[in-house]
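**Q** this is a predicted model, with the sequence first.
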Amino acid sequence: MAKSAKCTDTTGNVMLQSKAVPSSTSVSEVSSDTWEREWEEFAGPFNGFVAVEEFAGPFNRVCRGAGPTDNNPAYFDEHLRIPSLEACKDLCLQELGLEGCKGVEYNVRAKRCEVWKRPEGIWAFNYPEKEGYTCLRFGWPGKYLIPVNGGLDQACRGPDGKNSDDYYVIEAVRHMEDCRARCVAAKTCRGVEFSKGRCEIWHSEIVTTEARTGFECLRYEPPTDDSA
């Protein structure tokens with residue numbers, strides 16, 4: 001699992017520090033924190049991430065942008081003669097850093113590595129004509145986005161039930177999976193609120209919700225050390 005650097009603010013709260021991993025540094029040597037980005041296999045729309053052994057297995061997915069046919073070359077940098085998937089993952093972090101690396105596509109037969117840098121992240125996958133491909137997203141794992149108070153018809157709220165523009169960043173999206181993908185790719189994501197093409201990426205804590213028809217609220221809840 002990829003590790004993140006950390007620092008503390010004036011209140012003692014832990015914050016992620018954007019930092020490219022030096023080429024001479026192993027990813028495992030970078031300090032870790034409960035709130036950390038991770039590598040896991042991308043399962044596709046409305047499933048977030050699943051562990052490799054729980055899905056259809058590796059070597060059967062190629063990465064795509066906004067949809068299964070969206071493979072704009074501007075989304076990634078291509079590298080040839082990369083010996084392994086692990087080397088491809090390390091290359092993404094070394095080249096783009098924790099915030100810039102959005103994922104990788106690797107072909108084990110051709111030893112070809114795509115390091116993805118699309119700002120919105122990897123939303124979709126496709127089935128390649130040939131075997132040997134793996135698509136991994138890197139960021140805040142979508143599997144940790146948990147419905148708050150049922151999720152549906154609920155708008156996210158902060159401390160004391162407040163709603164403030166200071167709590168989140170607004171993105172225009174097409175649907176909830178697009179909103180989730182942007183959370184995965186964001187600098188910080190504590191949860192999302194989706195409604196009618198509008199996505200709030202929360203960087204402050206989501207404490208509760210308010211009943212609102214047509215809204216959906218998900219809170220990022222990674223496992224603790226005891227439950228992992």
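**A** Received it, and whenever you're ready, just let me know what you need.

**Q** and the residue in the chain sticking out farthest from the centre, which of the three is it?
**A** For the chain, the residue at maximal distance from the C-alpha centroid (CA atoms, centre = their mean) is Asp160, at 28.4 Å. Counting by DSSP: H, G, I helix; E, B strand; the rest coil, the backbone at Asp160 sits in helix.

**Q** find the residue closest to Leu96 in space, skipping its chain neighbours.
**A** Leaving aside its chain neighbours, Leu96 sits nearest to Lys117 (5.6 Å; criterion: CB to CB, 6 or more residues apart in numbering). C-beta coordinates here come from the backbone N, C-alpha and C atoms, glycine included.

**Q** ok, the one you found to Asp70 distance?
**A** Distance of Lys117 to Asp70, computed by CB to CB, to the nearest Å: 15 Å.

**Q** Leu91: which element?
**A** Assessed by DSSP states H and E, Leu91 sits inside helix 85-100.

**Q** mind listing what the residue farthest from the centre of the chain touches?
**A** By CB atoms under 8 Å, 6 or more residues apart in numbering, the residues touching Asp160 are Val207.

**Q** how near is it to Glu210?
**A** Asp160 is 12 Å from Glu210, by CB to CB.

**Q** and Pro73, what pLDDT?
**A** Per-residue pLDDT puts Pro73 at 97.

**Q** please report how far it lies from Ala66.
**A** 15 Å.

**Q** next: Asp153.
**A** With CB to CB as the criterion, Asp153 and Ala66 are 27 Å apart.

**Q** what's the answer for Lys187, then?
**A** Using CB to CB, we find Lys187 at a distance of 20 Å from Ala66.

**Q** which one of the two has more residues nearby?
**A** More neighbours surround Ala66 than the other of Lys187 and Ala66, with 17 against 13 (other CB atoms under 10 Å).

**Q** now do the same contact list for the closest residue to that one other than its chain neighbours.
**A** In space, and not counting its chain neighbours, Ala66 is closest to Trp123: 5.6 Å by CB to CB, 6+ apart. Shown in contact with Trp123 (CB under 8 Å, 6+ apart): 45, 64-67, 177-178, 181.

**Q** what subset of these is buried?
**A** The neighbour count (16 or more other CB atoms under 10 Å) marks 45, 64-66, 177-178, 181 as buried among the contacts of Trp123.

**Q** distance between the helix or strand Leu218 falls within and the chain's centre?
**A** Leu218 is located in strand 208-220, with elements delineated by DSSP H and E. Relative to its chain's centre, strand 208-220 lies at 20 Å (CA atoms, centre = their mean, to the nearest Å).

**Q** for this protein, give me the ranges with low pLDDT.
**A** 1-35, 40-59, 225-228 (pLDDT under 70).

**Q** ranges for the helices of it?
**A** Using DSSP state H, the helices of the chain run over residues 85-100, 176-185.

**Q** give me the most central residue, this protein.
**A** Residue closest to the average C-alpha location in the chain (CA atoms, centre = their mean): Val184, at 2.3 Å.
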